[in-house]
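1. Could you work out the structure for the sequence below:
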Amino acid sequence: MNFLDSRFYAIVDRFSNLLILNIFWIVSCIPIVTIAPATSAMYSVVRQWGLHQDTSVIRNYFRYFKENFKTSFIVGIIWTVLAILLYFNYFYLNQDGTAIRYIIMIPLFLTSLLFLTVSTFLFPVIAHYNIDWKEVLKNSFMATIANFQTAVLILMILAVFGFVLYYFPAAFLIIFSCAAYINFLLCNRGFQRMEVVSGRVSGK
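-> Numbering: from 1, shown residues only. I've put the predicted structure just below:
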């Protein structure tokens, strides 16, 4: 009975922490320009859960929001610009009625796939390593190439979360922190493999 009680408490505790973290993330994203720092803070908190069993939410969230603000803000701007460029490339390509658009579509699709897969490692890298924004971009790209299957798996999982959110809008109260938690755990496996190969540990 004690074991069941402890397991039940652990489940309730994790659920409540995910809910609190998700709400803090949503509120922090309201100014729009703070989406990237808020996301990096969320990933940093779930990293603490996964690696150090530190279940604190509020204290850690604001600590990492401030600590990673500059790096994540710059990365967020760069990634937003790249996303806009990709969008307009697709938009103008769809206006082209010639056959050449099908030729251009292939490299554009591959570029978009690379953009999306690198995106899955972007905030886990910010959360896991104490590096500047240039190194974040470099390490995210390298991690994606080394763990491409993991990146694709993460995209598939995020797509499932997207469908859940679409059909059950109330899930927005907890679904983003759940997605971040799963995303980081999968990315961390890739980090561990890379650190074993390189013979060093670079995590915070």
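
2. what bits of this structure have low per-residue confidence?
-> 1-5, 197-204 (pLDDT under 70).

3. Mind giving me the packing neighbours of the helix or strand hosting Ala127?
-> Element membership for Ala127, per DSSP states H and E: helix 100-128. With contacts taken as 3 or more Cβ pairs under 8 Å, 6 or more residues apart in numbering; DSSP states H and E, helix 100-128 sits against helix 35-52, helix 69-95, helix 133-146, helix 148-167, helix 175-198. All C-beta atoms are positioned from the backbone trio N, CA, C, and that covers glycine.

4. closest one to Phe115 among those helices?
-> Of all the helices and strands packed on helix 100-128, helix 69-95 sits nearest to Phe115, with 6.3 Å by Cβ to Cβ.

5. Give me the angle between the closest one and helix 35-52.
-> Between helix 69-95 and helix 35-52, the angle comes out at 120 degrees (axes from the mean of the first three to the mean of the last three Cα atoms, to 10 degrees).

6. name the helices or strands packed onto helix 69-95?
-> Counting contacts by 3+ Cβ pairs under 8 Å, 6+ apart, helix 69-95 is packed against helix 35-52, helix 100-128, helix 133-146.

7. highest average neighbour count across these?
-> The highest mean neighbour count among the helices and strands packed on helix 69-95, using mean count of other Cβ atoms under 10 Å, belongs to helix 35-52: a mean of 23.
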